[in-house]
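Below is the sequence, then the predicted model.
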Amino acid sequence: MIFLWHQHQPFYKDLVTGEYRLPWVRLHALKDYYGMVKLLDEFPKVHQNFNLVPSLITQIQDYVAGTAQDPFLNVAAKPANELTQKERLFALQYLFQANVTNVIGRYPRYRELYERFREQGYSPEKAERYFQRGDFTDLQVLSQIAWFDEFFLEDKDVAALIKKERNYSLDDQKFVIARERELLAKVLPAYTDAAKKGSIEISATPFYHPILPLVCDTNVGSVSSPGLPLPQNRFRHPEDAREQLVRALDLHERVFGVRPQGVWPSEGSVSDEALAIAHTLGVKWMATDEGVLGRSTGVFFARDGNGRLPADLAQRLYSIYRYENAATSMHLVFRDHTISDLIGFVYSGMDPATAAGHLLRSIKEAAQPVLAQGRDAVVSIILDGENAWEYYPKSGREFLRRFYDAVQREAGLESVTISEAIARDRNILPLRSLVPGSWINANFNVWIGAPEDNRAWDYLHDAREFYAQNAARAREAQRKLAFEEILIAEGSDWNWWYGPEHHSVNDRDFDELYRKHLSNVYQALGAMPPDYLAQPIAAAEARPEFAPQTEYIHPRITGDKIRYFEWMGAAMFCADHRAGAMHGKQFLLDAMYAGIDNTYLYGRLDFAGPVPEMEFEIVVNLESWAAGEVRPRRALRLDAKVRDGKLIDWKVEGREGTGAASTNSQEESALVALLRSFEFRLPLSWLLATPSVSSPNNPKSSVAAIAPTSVVKLRMSLWQNRLPVDALPVEGWMELKLLSEAEMGAGM
C-alpha cells in the first residue's frame, strides 16, 4: 500500500511589491503540514510519501525568515484601536474565510462573531458598525488560533488562551502572532527528520506547479481531447519545463539534504515529452492517475456496485510499471481514484472509527484478487494533503490515528514509500506508450480549451515572446526577474480558477495576481504592459444561492417538481457545481427547498439530472434550536430508500436523548414522495414542541404553541453503500426562522 500526500499552495507573492495576495501558505502551514508528518511518530511501521511543491517551500521559508509581507497577518497583528476603517472592512472580509463548522464553529466566540457578520448578509460595510474594538481583538486572535495544528493546540500557553474564550488583550494578540512564526519554523525540519528516519519519502513537483505537458506544447491538449479548442498561439517551451524541474530538484536537495528520487508531476500530468525530460534529470519514478493508465492500455477500470475491480483489472491497476520509450525509462505508479476520493470527499461525513474501518476493508478487498494470484498488490492512494482536513472534525486526526493503528496491526498489509515498493517488487509490468493526460479525466481540459483558459495561455504566450525579444538588452537582475515571473505564470493554479470547473471566493484575487505576474514581465524589461492585462480574464459566474423563506407554503407532496408555484416563498439553497480547491466531488444534487406553515414542515430535494439509477438513500437531518441554547432541543432523521428510481421505504427516527419518537411510512400525518424530485412533509410538533406539550400523535400543534423554539435547521444528503456521496449544504445547515404567517409576510 502506497500513500502519497500532495502538499501545495499557489505562489501568492508579488515579486515586485513583495506582498502576499492571499494568506493560505501561512494558514495551512500552521494547520496541516506539521501535524500530517508528525503524526507518523506514533506509528513507526507506517511509511508514507509526501510531495512538497517547491514554490510552497520557498514561501514557508519567507515567513520563517520574517521577510514575508502579508497584509492579512498585518491586520491580524495590529491593535484593534489602531485599525483604519479600510483595515476593519478588510478584517471582516477575510478573517471569516474558513470552514464554518470545523474551524470557526470549534470556538464559540468565533462562531458568535461569524453569525453577527452573516446576519448582515456577509457585507463588511453593513457589519462594521456592529463590531466594537473588543470584538475585533477577539476576531483577530481567534481567526489565527483556529488554524493552529492539533499538536500546537496542546501547548499549555495556547491551551490557556483558548480556555479564556473571549475578551482577549493586546498581549494575547501579540503572543499569538509571535507564536505563529515559531510554529512555522517547525514545519520543514519535521519533514527532514522524518525522511532521515526512513519514515517518509519526499518527492518533488516542478517548481511553480506547471502542467509540464502543456508547457512543453499546448497542442498536446487536443491529443487527449480531440477537437478541443486551443489558444490562438501555440505555446511550446520544453526548455521552461526542464527549468521548472531542475529548480525543483535542486531546492529539495538544499532543503532536505537529499535529491528526490520521484516526482508527482503537477496534477498528475504526464506525456512522453515530460517523462523524457524527467529521465534526463535522473528522476526514477513518477505517479499519475488510473485514467491515464486506462487510456494508455485501452482498458476502462469499471468497478462493481461495491467499488471493486474484477481480477484482471485489479492486477493491471495494482502494479508498478516500467515505461520504456526510446532512450526514456521511468517507473510509474497509478492512483486508485475511487479509494483516494473516499478520503477526500466522503469520510469527513462519517464517524472516524467507521470511516477508518471502511478504508481498511476497501484496501484489503481491492487487493484480494491480486493476492489470490500469489502476487503482491500495490494499491496507490494519492490525494491533496491539506484541503480535505477542513471538512473533518479536528483536522481528521482521530480518523488518521485509527486507520494508521489498524494498518500496523493488520497482518499482510504494509504501508511503504514508493522507492521501497519499487525495490521490493518482482512483478513490474512493461509500458511502451503513454496517452498524455492528468488525474482529472485523463486530459487537460481543466487548464485549456475554455475561452478563459485559452485567453490566459495567449497572454502568457505574448509575455514569453516579449521576453525572448527584449531580455538580452536588459540588466541581469531585471532579466532574471522577468523570467521568474514567466515561470510563476506557467503555474497550473491560475487556469484552475479560469473556465467553468472551479471557483472560490478569491476568484478575483487569483485573476488579478495572474495578470500582475504577466504585467511584471513587461515592467521588469522597461516596457508598459499591454492594456488588456488591466481587464479581468474571468467572466462573472453564478455563485451558490440561498434565499430565506418569505411566506408560508402549502405544497402537495407528489415528488413532481414542475409544480413550481406551490414552492414559491420557500427557503432555497442551490448547489454550486464548481468544485473549488478540490476537484473530483460527485455532484448529484442540484437544489433544496424548505418551508413551514402553521402545522407542517415541508422539504424538497432536486437532483442534478434524472433520478440516479443506482440504489441509494436520502437522509434528511433536522434540528430545532431555541434561542440562547447550546444544543438542539430536538433532532430527527428522515431515511428514505430508493431502488430503480422508486421510493421503496422510509422512516423518521429521533436521535438519542432528543425525546422524539419514531414513525414509518404508515403514519398518516407525514408524507414522503419521489418522482422527479424528493419531497416530504412532517408535523412541526415532532420537532418543536416540548414532550410535555405535544407528541407525534398530536400533529396539529401550531407555531404559536411552540414559541420557545426559534430556528429549524435542515441538511439533506444522498448516500450509497452506506457512504455520503453528496449533500446540501456541503457545509453547515439551511435555517428556517419560525415566524407567524404575519411576521414572515412582513419580512421579519
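Ah, there it is. Computed from a predicted model, the values in this text were never measured in an experiment. Numbering: from 1, shown residues only.

can you give me the helices in the stretch 101-250 of the chain?
Under the criterion DSSP state H, counting those that start in this stretch, the stretch 101-250 of the chain contains helices at 108-119, 124-127, 133-145, 150-153, 156-164, 170-184, 187-197, 212-216, 221-224, 238-256.

Enumerate the positions of stretch 103-116 that are buried.
If you call a residue buried by 16 or more other CB atoms under 10 Å, then stretch 103-116 has these buried ones: 103-107, 109-111, 113-114. For glycine as for every other residue, the C-beta is placed from the backbone atoms N, C-alpha and C.

typed the wrong thing, it's stretch 367-374
For stretch 367-374, by 16+ other CB under 10 Å, it's 367, 369-370.

Include mean pLDDT when you put the helices of the stretch 101-250 of the chain into TSV, please.
Below are these laid out as TSV (pLDDT from 0 to 100):
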stretch	mean pLDDT
helix 108-119	96
helix 124-127	96
helix 133-145	98
helix 150-153	96
helix 156-164	97
helix 170-184	97
helix 187-197	98
helix 212-216	98
helix 221-224	94
helix 238-256	98
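
Can you say which of these is packed in most?
Across these, averaging neighbours per residue (mean count of other CB atoms under 10 Å) puts helix 212-216 on top, at a mean of 29.

got a list of contacts for it?
206, 220-221, 235-238, 240-241, 244-245, 265-266, 269-271, 273-274, 277, 436, 444, 447-448, 457, 490 (CB atoms under 8 Å, 6 or more residues apart in numbering).

Could you do stretch 59-68 as well?
Under CB under 8 Å, 6+ apart, the answer for stretch 59-68 is 9, 11-13, 18, 20, 25-26, 29, 33, 70, 181, 184-185, 187-188, 255.

let's go with 7 Å and repeat that
Stretch 59-68 has contacts (CB atoms under 7 Å, 6 or more residues apart in numbering) with 9, 11-13, 20, 25-26, 29, 181, 184-185, 187-188.

before we move on, back to that, which among the helices of the stretch 101-250 of the chain is found nearest to residue 294?
Nearest of those to residue 294, taken as CB to CB: helix 221-224 at 12.3 Å.

in the stretch 251-400 of the chain, which ranges drop under the pLDDT threshold?
Along the stretch 251-400 of the chain, no part satisfies pLDDT under 70.

Run through the helices of it in chain order.
Under DSSP H, counting those that start in this stretch, the stretch 251-400 of the chain gives helices at 272-280, 290-297, 311-317, 337-341, 352-371, 397-409.

would TSV of the ones you listed with distance to residue 426 be doable?
Listed next are the helices of the stretch 251-400 of the chain as TSV, based on distance: least, CB to CB, whole Å:
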stretch	distance to residue 426
helix 272-280	23
helix 290-297	20
helix 311-317	14
helix 337-341	24
helix 352-371	13
helix 397-409	23
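
Out of those, the one nearest residue 599 is which?
So among the helices of the stretch 251-400 of the chain, helix 352-371 is nearest, using CB to CB, at 36.8 Å.

Which elements pack onto that closest one?
helix 311-317, helix 337-341, helix 397-409 (3 or more CB pairs under 7 Å, 6 or more residues apart in numbering; DSSP states H and E).

10 Å instead, please
helix 311-317, helix 337-341, strand 380-384, helix 397-409, strand 723-728 (3 or more CB pairs under 10 Å, 6 or more residues apart in numbering; DSSP states H and E).

can I get the CA coordinates of the second one in CSV?
The one in question is helix 337-341. C-alpha atoms of helix 337-341 as CSV (Å, rounded to 0.1, in the frame of the first residue of the first chain):
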residue,chain,number,x,y,z
HIS,A,337,-9.1,7.1,-8.0
THR,A,338,-12.0,5.6,-6.0
ILE,A,339,-10.3,5.0,-2.7
SER,A,340,-8.4,8.3,-2.9
ASP,A,341,-11.7,10.1,-3.3
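
Thank you, goodbye.
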